[in-house]
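[1] Sequence plus predicted model, see below.
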Amino acid sequence: MHSSIPVTRTRARTRPAPPAGRALPTTTATSAATGAGPTTNAVRRRRRAAARLAAAASALAVAAVAAPATAYGAPLPTGQGVVLNAPIVGAAVAPGGRGYWEVALDGGVFAFGDAGFYGSTGGMHLTSPIVGIQPTPDGRGYWEVALDGGVFAFGDAGFYGSTGGTPLHSPIVKLAPTADGRGYWLVGADGGVFAFGDAGFHGSATGVATAPVVGIAPTRDGRGYWLASSDGSVFAFGDAGYGGRAAPTTQVVGITAGTRGYRLATADGGVYAYGGAGFHGSLDGRPLNRPVVGTSATAGGYLDVAADGGVFTFGSVGFYGSLGGSTLRSAPGPAAVVAPSGTGITDAQRAAWYRVNGCEEGGRWNVEGTAFAGGLGFSRANWAQFNTFGYPADAALATPDQQIRVAVAFAVHYWGDPNAAPDQNGCTGGY
């Protein structure tokens with residue numbers, strides 16, 4: 001279980017010494033030591049007040065020690081013993097910060113705290129994996145968004161359109177709802193923005209971003225938004241003000257809006273705040289079991305979520321458990337069925353390489369590094385050599401099926417086996 005729980009520090013107060021020539025009211029030595037002897041009414045009142053304070057402090061201390069770390073009187077859930085069918089790819093804070101949802105690559109949704117469960121795509125046959133989740137303004141519903149831009153609405157979330165089934169230049173990476181929940185924006189890895197419902201279009205970073213875009217954050221009035229790319233660049237549109245960019249040591253994985261300004265979150269748990277957005281702490285420097293893959297914020301706080309489901313909360317967002325410590329189910333055995341993906345890869349090949357992606361990159365397919373890119377960690381040279389299919393020149397801008405097709409060509413060349421899918425990190429049950 002991972003959490004970041006603020007520690008309250010109490011400053012000790014000391015009573016100032018009395019002015020020279022003035023003595024504090026007191027009793028005789030006998031009464032001070034034993035309670036006997038003459039006392040004044042003022043002293044008695046002070047003693048009674050001190051006794052009440054001491055009793056209250058004692059009760060608080062006992063409660064603090066005896067009270068378990070629980071939510072609503074029940075033990076906080078953990079991921080110990082939980083086997084996930086797919087890695088966690090995102091999370092969303094419920095309004096008020098008293099709960100949150102985690103979502104997996106297969107669309108499975110896990111609710112914590114006062115976040116309600118309203119359904120999921122887990123168990124459904126999806127044409128493209130899920131990449132994120134966002135709540136409605138009242139928290140009584142949420143949207144899931146897939147890599148192809150398919151949008152799935154649950155609870156009181158309305159459906160206003162999607163790019164599912166529409167040919168895209170690059171995969172969709174995030175959805176952001178409008179303030180009233182009657183619309184949303186989708187953003188692609190190439191910086192393309194698609195507006196639905198009452199969401200206004202204010203521009204895009206297509207042709208401008210030099211690294212994959214990883215997130216979108218609207219301003220409070222919805223008349224603008226920020227886009228963030230994996231290298232820390234930020235693009236401001238509409239009434240969104242530009243506050244600066246980050247120079248992180250690892251990939252930026254998301255952007256959230258503050259009351260004023262925005263924050264960038266990185267895979268190692270770093271948080272960078274700009275333009276007046278509140279900074280409430282980060283995990284930068286702490287060892288993580290799996291990289292951070294998503295971030296979400298509400299007024300006064302935010303959280304990060306890792307690929308194994310670990311949740312890290314800051315500011316006003318409370319910690320109510322997580323899937324931290326969970327494991328991934330092993331991929332199924334070989335099969336000869338060709339999936340209708342248009343790339344000619346089999347179901348078994350897709351399952352095997354998705355497993356590698358989960359271990360290598362925590363479910364992220366648009367990773368952009370200095371030497372390697374994409375969800376399978378292709379070197380620039382290998383991608384250029386084996387991408388003979390006319391896919392994007394940057395692996396991070398290619399769809400998962402396109403990356404897997406190139407990986408299959410790579411496996412045939414080096415191992416003579418189209419079903420070979422080695423996992424460089426050696427995850428349990430991996431390849």
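    Ah, there it is. Numbers count the residues shown, from 1 in each chain.

[2] What sits closest to A409 if chain neighbours are left out?
    Nearest non-adjacent residue to A409, counting by CB to CB, 6 or more residues apart in numbering: F386, 4.5 Å away. Just so you know, the C-beta spots here come from the backbone N, C-alpha and C atoms, and that holds for glycine as well.

[3] wait, I meant G275
    G261 (2.6 Å).

[4] My read is that that neighbour contacts G276, right?
    Yes: between G261 and G276 there is a contact at 4.4 Å, judged by CB atoms under 8 Å.

[5] Looking at these two, which one has more neighbours?
    G261 (20 against 12; other CB atoms under 10 Å).

[6] Spit out the contact partners of G150.
    Applying CB atoms under 8 Å, 6 or more residues apart in numbering to G150 gives the contacts L126, T127, S128, S162, T163, G164, G165.

[7] Do a quick rundown of the helices in this protein.
    29-34, 41-66, 347-361, 380-386, 400-415 (DSSP state H).

[8] Can you flag the weakest of those helices by average pLDDT?
    Lowest mean pLDDT within those: helix 29-34, a mean of 31.

[9] Need the nearest residue in space to Y184, chain neighbours excluded.
    P177 (4.5 Å).

[10] Please determine how far that neighbour is located from A348.
    Distance check for P177 against A348: by CB to CB, to the nearest Å, it reads 37 Å.

[11] Sketch out the low-pLDDT regions of the stretch 51-200 of the chain for me.
    51-74 (pLDDT under 70).

[12] quick one, domains of this protein?
    76-328, 347-415 (automatic domain parsing).

[13] Tabulate the ones you listed in JSON lines, adding columns for distance to A421.
    As requested, those are exported to JSON lines (distance: least, CB to CB, whole Å):
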{"stretch": "domain 76-328", "distance to A421": "14"}
{"stretch": "domain 347-415", "distance to A421": "4"}
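
[14] returning to what we had before: so the residue nearest to A409 is in contact with V408, correct?
    No: assessed by CB under 8 Å, F386 is found out of contact with V408, at 9.1 Å.

[15] Between these two, which has more neighbouring residues?
    Neighbours were counted for F386 and for V408 using other CB under 10 Å; V408 has more, 24 against 19.

[16] circling back: please indicate which of the contacts of G150 has the highest neighbour count?
    Neighbour max across those (other CB under 10 Å) = S162, 22 neighbours.

[17] Would you mind measuring from the residue lying closest to F110 once chain neighbours are set aside to W365?
    Sequence neighbours aside, E102 is the residue nearest to F110 in space, at 4.5 Å (criterion: CB to CB, 6+ apart). Here the criterion is CB to CB. By it, E102 lies 19 Å from W365.

[18] coming back round to it: neighbour count for P177 and A348, which is higher?
    Comparing P177 with A348 by other CB under 10 Å, the one with more neighbours is P177, at 24 against 19.

[19] I'd say that one and G183 touch.
    Yes: counting by CB under 8 Å, P177 touches G183, with 7.2 Å between them.

[20] Now the common contact residues for these two.
    Joint contacts of P177 and G183 (CB under 8 Å, 6+ apart) do not exist.

[21] List the contacts of G325.
    M1, T78, G79, Q80, V82, N289, D308, G309, G310.

[22] Output these as CSV; include the columns neighbour count and distance to A209.
    Below are these laid out as CSV (neighbours: other CB atoms under 10 Å; distance: CB to CB, whole Å):
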residue, neighbour count, distance to A209
M1, 17, 36
T78, 17, 38
G79, 24, 34
Q80, 11, 40
V82, 15, 36
N289, 14, 30
D308, 25, 29
G309, 27, 30
G310, 26, 29
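
[23] nearest to G269, of those residues?
    Using CB to CB, G310 comes nearest to G269 of the contacts of G325, at 9.9 Å.
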